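Visitor: Here is my input; please provide its structure:
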Amino acid sequence: MANKASFSAEEWSRVVASPMVASTAITAAEPSGLWGLLQEGMAGGWALLKAKQDSTTNALVKAVVDDFANGEARAMAQERVQTIFKGAQPAELTQRAVDELRSVASLLDSKAPDDSRAFKGWLQEIAQKAAEAAKEGGFLGFGGVAVSDAEKETLAQIAAALQSSTLGGAQS
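Guide: Okay, here's the model as predicted:
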């Protein structure tokens, strides 16, 4: 079972930041205004809380969640996210997030092969929950769709990047 010691400090910062990157990819795909942004951001937080409380959570996921609860790891993750998106135009945010998730997937496959599939499935679940967190379109919460076409496309890109068919996602 992989844990923090299985990775260099730079690699671990990428692994710890990956849940934030997954939800950011969705938020960037179809900005939902302030309320939607808050809902989508909270979806990632709920995923961390759920993983922390679930006794069947994969050991690497649990290590990330436990480390994320530590203020230093959270700051490290935020710094990593800022580095990924620094200077990006709005149209580039989703692609940068998907590219980072592809790199994290490769890192997991090489450094944590026994935990890789479960961790990548967890990242995909975070992205799915973020996509479902806020309705897109409509007015004042009426109308709209649960998951927009742009979010569906981003979910497919994330699934391909993670090379996972977990949760019915696309595979390349």
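Visitor: Find the residue at the geometric middle of the chain.
Guide: Residue closest to the average C-alpha location in the chain (Cα atoms, centre = their mean): residue 22, at 2.1 Å.
Visitor: Now do the same for it: helix, strand or coil?
Guide: Three-state secondary structure (criterion: DSSP: H, G, I helix; E, B strand; the rest coil) places residue 22 in helix.
Visitor: I'd say it and residue 121 touch.
Guide: No. Assessed by Cβ atoms under 8 Å, residue 22 is found out of contact with residue 121, at 11.4 Å. Where C-beta positions appear, they are placed from N, C-alpha and C, glycine not excepted.
Visitor: which residues sit in contact with the residue nearest to the centre of the chain?
Guide: 44, 97, 101, 123, 124, 126, 127, 130, 158 (Cβ atoms under 8 Å, 6 or more residues apart in numbering).
Visitor: just residue 41 next, same as before
Guide: Contacts of residue 41 (Cβ under 8 Å, 6+ apart): 23, 27, 130.
Visitor: How many residues are close by the nearest residue to residue 67 once chain neighbours are set aside?
Guide: When the adjacent residues along the chain are set aside, residue 67 lies closest to residue 73, with 4.1 Å between them (Cβ to Cβ, 6 or more residues apart in numbering). With neighbours defined by other Cβ atoms under 10 Å, the count for residue 73 comes to 19.
Visitor: Same check on the one 5 residues further on?
Guide: Neighbouring residues of residue 78 were enumerated by other Cβ under 10 Å; the total is 14.
Visitor: what's the answer for the one 4 residues further on, then?
Guide: Burial measure for residue 82: 10 neighbouring residues, criterion other Cβ under 10 Å.
Visitor: And for residue 79?
Guide: One way to gauge burial is a neighbour count; for residue 79, by other Cβ under 10 Å, it gives 12.
Visitor: which residues are contacting the host helix or strand of it?
Guide: Per DSSP states H and E: residue 79 is located in helix 71-85. Identification of contacts with helix 71-85 by Cβ under 8 Å, 6+ apart yields 12-14, 16-17, 20-21, 24, 67-68, 93, 96-97, 100.
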